[in-house]
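Test case, fold it:
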Amino acid sequence: MLARVVSCLLLLGAVSAAAAPSGPSLEEKVKMLQESLYRKPVMNLNMERWRNLVRSQPRNYSMMVMFTALSPGVNCPICKPAYDEFFILANSFRYAHSETRSLYFAVVDYEEAPNVFQQMNLNTAPILYHFGPKLQGKKKPEQMDFQRHGFDADAMARFVHDQTETFCRVHHASGYVRRKNHFLYTFMSKLSVLGNFM
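Here you go, the predicted model:
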């Protein structure tokens, strides 16, 4: 008799463990994202956050995720300026739409989460993807074409609008245009110098 009771308890424990959700609930995800948004406009993703917040369902929100390589040891001259523009956009969104609970911005840095790059089969950076609320499994997310549209905050805002129908007016800090023009001049000069050696 005691053996039957123990067997039933073990069976009930196994069934309840199998029925328990493997990741956070939708409410927990949104709460975690909102708390992060209140602290800073862009959330850094590691493998666990990537799996729980971006790749798993349920999800009723969109994620704009920039894959980048910001470490000085990685030779990516446009990663930092592209990330800065992404941050400007995310910060503008945070001040205008912090309570919408439908769109969040995140970054995956190669140095911090190379396994996420591997999972996405990425060997280049920067890349901006839109992970919509219905995207599941191995489906490919929408990617912004930096070659065609550029990587400034206004171009990214247009991509966000095209993907989510959320308009975000980008607020630039004073001196932004001067810094942006200086960067473009410097970047183009380096490209022309590199072109002479090839």
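
Show me the contact partners of the helix or strand harbouring Met32.
Taking DSSP states H and E as the criterion, Met32 maps to helix 26-39. Outside helix 26-39, the residues within contact range by Cβ atoms under 8 Å, 6 or more residues apart in numbering are 24, 43, 52-53, 58-61, 94, 98, 101, 104. (C-beta placed from N, C-alpha, C; glycine too.)

Mind picking the lowest-pLDDT entry from those residues?
Across the contacts of helix 26-39, the smallest pLDDT goes to Ser98, namely 73.

Next, count neighbours for it.
12 (other Cβ atoms under 10 Å).

Then the one 4 residues further on?
Other residues near Ser102 number 14, with proximity taken as other Cβ under 10 Å.

same check, this time on Asn44
Neighbour tally, Asn44, other Cβ under 10 Å: 13.

Please identify which helix or strand holds the closest residue in space to it that isn't next to it in sequence.
With Cβ to Cβ, 6 or more residues apart in numbering as the criterion, Asn44 has its nearest non-adjacent residue at 5.9 Å, and that residue is Val107. Following DSSP H and E, one finds Val107 within strand 103-109.

what residue ranges in the chain are flagged as low confidence?
1-21, 136-138, 174-198 (pLDDT under 70).

so which of the contacts of helix 26-39 is the most crowded?
Busiest of the contacts of helix 26-39 [other Cβ under 10 Å] is Tyr104, holding 27 neighbours.

Please report the distance of the residue nearest to that residue when sequence neighbours are not counted from His97.
With Cβ to Cβ, 6+ apart as the criterion, Tyr104 has its nearest non-adjacent residue at 4.9 Å, and that residue is Leu33. Distance of Leu33 to His97, computed by Cβ to Cβ, to the nearest Å: 13 Å.

Who has more neighbours out of these two?
Leu33 (20 against 15).

which residues in the chain form helices?
2-19, 26-39, 47-49, 79-97, 114-119, 146-149, 153-164, 176-197 (DSSP state H).
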